[in-house]
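# predicted model and sequence below, questions to follow.
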Amino acid sequence: MSQGDLVRVAGAHDAMGATLAQQAGFQAVWSSSLEVSASRCLPDASVLTMTEYLAAAANMQKAIDIPVVADVDTGYGNNLNVAHMVHEYEAAGITAVAIEDKLYPKVNSFAEAAQTLLPLTDFAHKIETAKNAQRGEDFYVIARTEALIDGLGVEEALKRCTAYADAGADAILIHSKKKDEGEIVEFLDGWDGRKPVVIVPTTYPQWSAAEATKHGVSVVIYANQGLRATVQALRTTFGTIYRDGTSLGVESEIAPVSDVFALQRLQDWLALEA
Ligand code: SPV
Ligand code: MG
């Protein structure tokens, strides 16, 4: 970000996904609450605990050389929970956390459910608490507003992000569930640039990284495409093997075992023992 280049981030839920994201060239990995909860077939609704989300993020960070940006939902409670979260994530070597201004327990932004936001001043206080709790210099707190998700409009989103930036957030994340980029562009046109902007173009994938850069976006998160690819691939592969009574029909489509060994860095481990 300091070089002025767009930072592209891929969502993952385990070390394998994080490693594949790094190999594809992404600059960071998003430890997605949707992915981590879905990997256990549980809803993205504050059902898992902080320690479970932290374990997933830490497993990813241990496997890769690029930063993990951890989606920490609401910070798992109120201000003291946020402070504890920052202590634990920072100690685990996580580079950045993104905290959202929804009420705990939260539910995924795309769920057909009511979204309730914290009052602006309460969430600004949460951000201040997070920054106060941080011990070193190299830890980043991203403030995420769900104002557009809650239908409160661009003006409210700008007001909130300005307050969160002034409370000490290192970047702000503006989320939208619209099928076009209209309200995101409107937000970016109104943003004074006091802190970098992060977007998550899940529902408006036609809006490219190049266009986002032109509008002043610093970070783009592809939050869940990896998970959705996995669902599709496993469904097709398992279905074909079960139907055919042989795996012959999928052999040319799936990674060879040698590829899996490479991801496990088996040669390095054998060299270590030798
Ligand atoms: C996630 O990946 O968990 C996110 C982004 O928070 S979204 O699912 O779009 O809310
Ligand atoms: Mg999430």
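In hand now; what should we look at? Ligands and ions are numbered 1, 2, ... in the order given.
# how far away is T240 from ligand 2?
Distance from T240 to ligand 2, counting by C-beta to the ion, to the nearest Å: 32 Å. The way it works is simple: take the backbone N, C-alpha and C, and place the C-beta from them, glycine included.
# neighbouring strands for the host helix or strand of I99, and are they parallel or not?
In the assignment (DSSP states H and E), I99 maps to strand 96-100. Take DSSP bridges as the rule and strand 96-100 pairs in its sheet with strand 68-71 (parallel), strand 140-145 (parallel).
# hang on, D44 packs against Y53?
No: taking contacts as C-beta atoms under 8 Å, D44 lies outside contact range of Y53: 10.6 Å.
# need the overlap of contacts for those two.
Taking C-beta atoms under 8 Å, 6 or more residues apart in numbering as the criterion, D44 and Y53 both touch S33.
# quick one: the lengthiest helix in the chain near ligand 1?
Of all segments of type helix in the chain, defined using DSSP state H, the longest is helix 225-244. No: contact of helix 225-244 with ligand 1 (C-beta under 6 Å from any ligand atom) is absent, the minimum separation being 8.6 Å.
# and for stretch 16-23?
No: on the criterion C-beta under 6 Å from any ligand atom, stretch 16-23 is out of touch with ligand 1, staying 12.4 Å away.
# for V219, which non-adjacent residue is closest in space?
With C-beta to C-beta, 6 or more residues apart in numbering as the criterion, V219 has its nearest non-adjacent residue at 4.1 Å, and that residue is V198.
# which pLDDT value belongs to the one you found?
If you check V198, the pLDDT there is 98.
# just the element for it, please.
Element membership for V198, per DSSP H and E: strand 197-199.
# what do you get for Y164?
With DSSP H and E as criterion, Y164 is part of helix 154-166.
# quick check: L152 is in a strand.
No: read with DSSP: H, G, I helix; E, B strand; the rest coil, L152 is coil and lies in no strand.
# could you chop the protein up by domain?
The record's domain parsing of the chain by automatic domain parsing lists 7-223, 232-273.
# deepest in the core, which of those is it.
Using mean count of other C-beta atoms under 10 Å, the stretch among these with the largest mean neighbour count is domain 7-223, at a mean of 19.
# hmm, back to that, next, the angle from the strand holding I99 to helix 154-166.
140 degrees (axes from the mean of the first three to the mean of the last three C-alpha atoms, to 10 degrees).
# what helices or strands is the next helix or strand after strand 96-100 leaning on?
For strand 96-100, the following helix or strand on the C-terminal side (DSSP H and E) is helix 120-133. With contacts defined as 3 or more C-beta pairs under 8 Å, 6 or more residues apart in numbering; DSSP states H and E, the packing partners of helix 120-133 are helix 79-91, strand 96-100, strand 140-145, helix 154-166.
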